[in-house]
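**Student:** sequence plus predicted model, see below.
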Amino acid sequence: MKSPQLSRSAETARTPLDAVELEAAVGFWLRLAQQRDLRAFNDRFSRAGVSQLAYAILLVLEANPGCRPAGLAAAVRVRQPNLVEPLDGLVREGLVSRAPDPRDGRAQTLALTGQGLRRLDELKAVHAGLIEGYRGALGAEDYAVLVGLLRRFVDQARGHGDHQGP
């Protein structure tokens, strides 16, 4: 005969747990969405050997040739020390070049090389497939709404300090 404790345990395992409060938590859904996006990004970009941050760096440098590292860090929303390793890797691969800033020889400017521009075109095609998958799953309008809401949520938090809530 089974003990009452084991029976209750087995019953609990079959009964869905109450997660009503968790279901209403923005952070819970953001974490799950980020995990899904990271998996999807890594599935598509793993063969290319490019991280999300490296891809973001390439995109920003394409649009802003000659920018300084501090501006790049602000654009990709990371602290400048966290930019050093991925940026050094892109320079080693020949995708990004560093040059003295003509306005201030102590500072550096960054730009994509010809090889970097070609590589970014390949990566953009891979990323377009990822985005199309999301649009297919959500519909183009809902995808645009989701991105807009996330941007608004992040920008609102930045306007009130990174560690504050609404």
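**Tutor:** The structure has been received and is ready for your questions.
**Student:** can you tell me the closest non-neighbouring residue to Tyr55?
**Tutor:** When the adjacent residues along the chain are set aside, Tyr55 lies closest to Leu123, with 5.9 Å between them (CB to CB, 6 or more residues apart in numbering). From N, CA and C alone the C-beta is placed, and that goes for glycine too.
**Student:** is it true that that neighbour lies in a helix?
**Tutor:** Yes. Counting by DSSP: H, G, I helix; E, B strand; the rest coil, Leu123 is part of a helix.
**Student:** contacts only, for it.
**Tutor:** Leu123 makes contacts with 45, 48, 50, 55, 58, as judged by CB atoms under 8 Å, 6 or more residues apart in numbering.
**Student:** so how far is Val147 from it?
**Tutor:** Relative to Val147, Leu123 is positioned 19 Å away (CB to CB, to the nearest Å).
**Student:** middle-most residue in the chain, spatially?
**Tutor:** When CA atoms, centre = their mean is applied to the chain, the residue found nearest the centroid is Gln52 (5.4 Å).
**Student:** show residues contacting the longest strand belonging to the chain.
**Tutor:** When the chain is scanned for its longest strand (criterion: DSSP state E), the result is strand 104-112. Judged by CB under 8 Å, 6+ apart, the contacts made with strand 104-112 from elsewhere in the structure are 58, 61-62, 65-69, 72, 87, 95-102, 120.
**Student:** neighbours around the residue lying closest to Gly116 once chain neighbours are set aside, how many?
**Tutor:** On the basis of CB to CB, 6+ apart, the spatially nearest residue to Gly116 that is not a chain neighbour turns out to be Leu95, at 3.6 Å. When neighbours are defined as other CB atoms under 10 Å, Leu95 has 22 of them.
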